[in-house]
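Asks: My questions are about this predicted structure, shown below with the sequence.
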Amino acid sequence: MGIPLREPRGVRHLDGGRGAGAPVAVAPAPEASRPDRHAAALPPAPPARRRVGLGARLAAVDLASSLVGWWAGWAIGKATGPTLSTTPVTTSLWMVAVGVAATISCLAAAGLYRPLVNGIRAGALGRVIQSTAVAAVLVIIWQGLVGDAVPRVALSGVAGALTATVIARCGFDVWLINRRERGDHRTPVVVAGAAGDTAALVEFLELNPEAGFQARAVVGERPRPAGVATDRPPWMGRLDDVLAAVERTGASDVLLAVSRLPAPTVDRVVHDLASAGVTVHLSTGVRGVSRDRLQTFALAHEPIVRVTPPSHPAVQRVAKRALDILVASVLLAVTAPAIVAAAVLIKAHDRGPVFFRQVRVGRDGRPFTLLKLRTMQVEAEVRLADLRAHNERHGPLFKVSDDPRVTPIGALLRSTAVDELPQVVNVLTGRMSIVGPRPALPSETALFDDELQRRHLVRPGVTGLWQVEANHKASFEEYRRLDLFYVDNWSLGVDVAVIVDTVQAIARRVLRTLRRSAPSAPAPVGTPSPPAGAAPEPLGAGR
């Protein structure tokens, strides 16, 4: 998300205290109006797709879910304690109403209804938890003011509201991602800057439609020779033509890459567009920095972005290991019957080994043996060479949709992620973490450059950012980008958010499996890969 800078009366001001990603958003002065000096010479703009109020839709989802949650919490509190049996119904209704109002107000104050353009699927959970906690405090204060303080009921209510809100937001997230992958609910932008930067930004937006931007045109240096056919956005002239491109394409914003542009040029373009009522997002060229490490402040009225170094103190590493042990232990205890049942099915199918063991590269480059339930034929590794020509991944990674080596039992286990469960043993022995980069094969790491070798500074994960956000994408650059981002920016909050995202993705896969009347036969080798809208495989460490 960008850092809004407003320019009323010609003076720049930063909206204080908010972190941001590398892009910086410059909002137009509210009173400015777009000049029409180009309108007479240009064809009329195509009708722009109306931006449906996604923030309003999300607020409606939160309103309904928090109402259900607070009401359920009140009912549980009433059933488990004697103090509410004599409480008037109107007082209880007021408590629910105040709880809902406090929850929505705190979510809004945390910026959770600002324009939904960022594509960070694992980012808002911490702020949702903080907002609902503040709402609980407000309800307790209100109860004290009316002389009927029952903290237990407020806590049960906020627990219900948090649970309902997180579940509802997960559903909203799935809906929005699917719609954006089909081209809906995306902000139309003109991409401006030097040729190399604009080409990289356009490719990035195409790889990440969930980010919410859609490139309509490119201005600046010509990104390709004239006359070359391409399905990329058209080039519409130099930087001086950016406003004309906005008017011709019906774009509402401009994404300006500033890293290779002179400062006076950037300043002129930003001022011209802001004066014309166009919002500008500045792509700084800084990569791999989380919003928590970016701080904004005004230095003599000039906007400055401070980048703090990554910091992972010993207490944070100990807490991460404790989270790993807790989650792995609970998973092993809860899913042990499913593992045993799967082992019986695998053995009964072809009498082969139950477990698949494979050497992977762990922290500090040390090899370890990864455990999975076997989902492929016994001779799968021998047949791998025959499928190399059908690889759908870029770079060293390998994947074939509807791999013919997968057994019918294996397909079922993969669709429910049960085959990945034995990896909790790797977690308990300290070889892996619950969240981290995908454990790579030695043959893959041999092709990694020195920068990507930094992924081995942390334990590989059963799930991770790439596994939940980009496992369905062929791009090796996304694999690289997300792994290195996690290495520098991991935190307990990120890990918890990724775990929640993983549960959400697995639930979608299970529901799809349950809707099938019967398992289908394996598709022939070379079957086209699923569309971009297909859900990612959330664990996928052994894939």
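Replies: Yes, it's here.
Asks: Give the buried residues for stretch 315-334.
Replies: For stretch 315-334, the neighbour count (16 or more other C-beta atoms under 10 Å) marks Lys320, Leu323, Asp324, Val327, Ala328, Leu331, Leu332 as buried. Glycine gets a C-beta too; all of them are placed from N, C-alpha and C.
Asks: Could you tell me the end-to-end distance of stretch 288-305?
Replies: 15 Å (C-alpha to C-alpha, to the nearest Å).
Asks: scratch that, stretch 355-367
Replies: Span of stretch 355-367 from end to end, C-alpha to C-alpha: 18 Å.
Asks: buried stuff in it?
Replies: Under 16+ other C-beta under 10 Å, the buried positions of stretch 355-367 are Phe356, Arg360, Val361, Gly362, Arg363.
Asks: How about stretch 266-283?
Replies: Buried residues in stretch 266-283 (16+ other C-beta under 10 Å): 266, 269-270, 272-283.
Asks: among the residues you listed, which are in helices?
Replies: Val266, Val269, Val270, Asp272, Leu273, Ala274, Ser275 (DSSP state H).
Asks: now those residues as JSON lines including distance to Val498 and pLDDT?
Replies: Compiled in JSON lines, those are given as follows (distance: C-beta to C-beta, whole Å; pLDDT from 0 to 100):
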{"residue": "Val266", "distance to Val498": "35", "pLDDT": "92"}
{"residue": "Val269", "distance to Val498": "37", "pLDDT": "93"}
{"residue": "Val270", "distance to Val498": "35", "pLDDT": "93"}
{"residue": "Asp272", "distance to Val498": "41", "pLDDT": "93"}
{"residue": "Leu273", "distance to Val498": "37", "pLDDT": "93"}
{"residue": "Ala274", "distance to Val498": "37", "pLDDT": "92"}
{"residue": "Ser275", "distance to Val498": "42", "pLDDT": "93"}
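Asks: From the residues you listed, pick the one nearest Gly111.
Replies: Nearest to Gly111 among these is Ala274, at 21.9 Å by C-beta to C-beta.
Asks: neighbours around the closest residue to Arg57 other than its chain neighbours, how many?
Replies: Distances taken as C-beta to C-beta, 6 or more residues apart in numbering place Phe172 nearest to Arg57, at 7.5 Å, with adjacent residues excluded. Here the number of neighbours of Phe172 (other C-beta atoms under 10 Å) works out to 18.
Asks: What segments of the stretch 401-543 of the chain are helices?
Replies: 408-416, 423-428, 442-445, 465-469, 476-489, 492-515 (DSSP state H, counting those that start in this stretch).
Asks: what angle do the one helix or strand the residue nearest to Arg57 maps to and helix 492-515 make?
Replies: If you go by DSSP states H and E, Phe172 is part of helix 151-181. When axes from the mean of the first three to the mean of the last three C-alpha atoms, to 10 degrees is applied, the directions of helix 151-181 and helix 492-515 differ by 70 degrees.
Asks: State the distance from Val500 to Thr463.
Replies: 11 Å (C-beta to C-beta, to the nearest Å).
Asks: Comparing these two, which residue is more hemmed in?
Replies: Thr463 (29 against 18).
Asks: before we move on, back to that, most packed of the helices of the stretch 401-543 of the chain?
Replies: helix 465-469 (a mean of 26; mean count of other C-beta atoms under 10 Å).
Asks: Now tabulate the buried residues of stretch 355-367 in TSV and tack on secondary structure and distance to Met376.
Replies: TSV is the format used below for the buried residues of stretch 355-367 (DSSP: H, G, I helix; E, B strand; the rest coil; distance: C-beta to C-beta, whole Å):
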residue	secondary structure	distance to Met376
Phe356	strand	7
Arg360	strand	16
Val361	strand	21
Gly362	coil	23
Arg363	helix	27
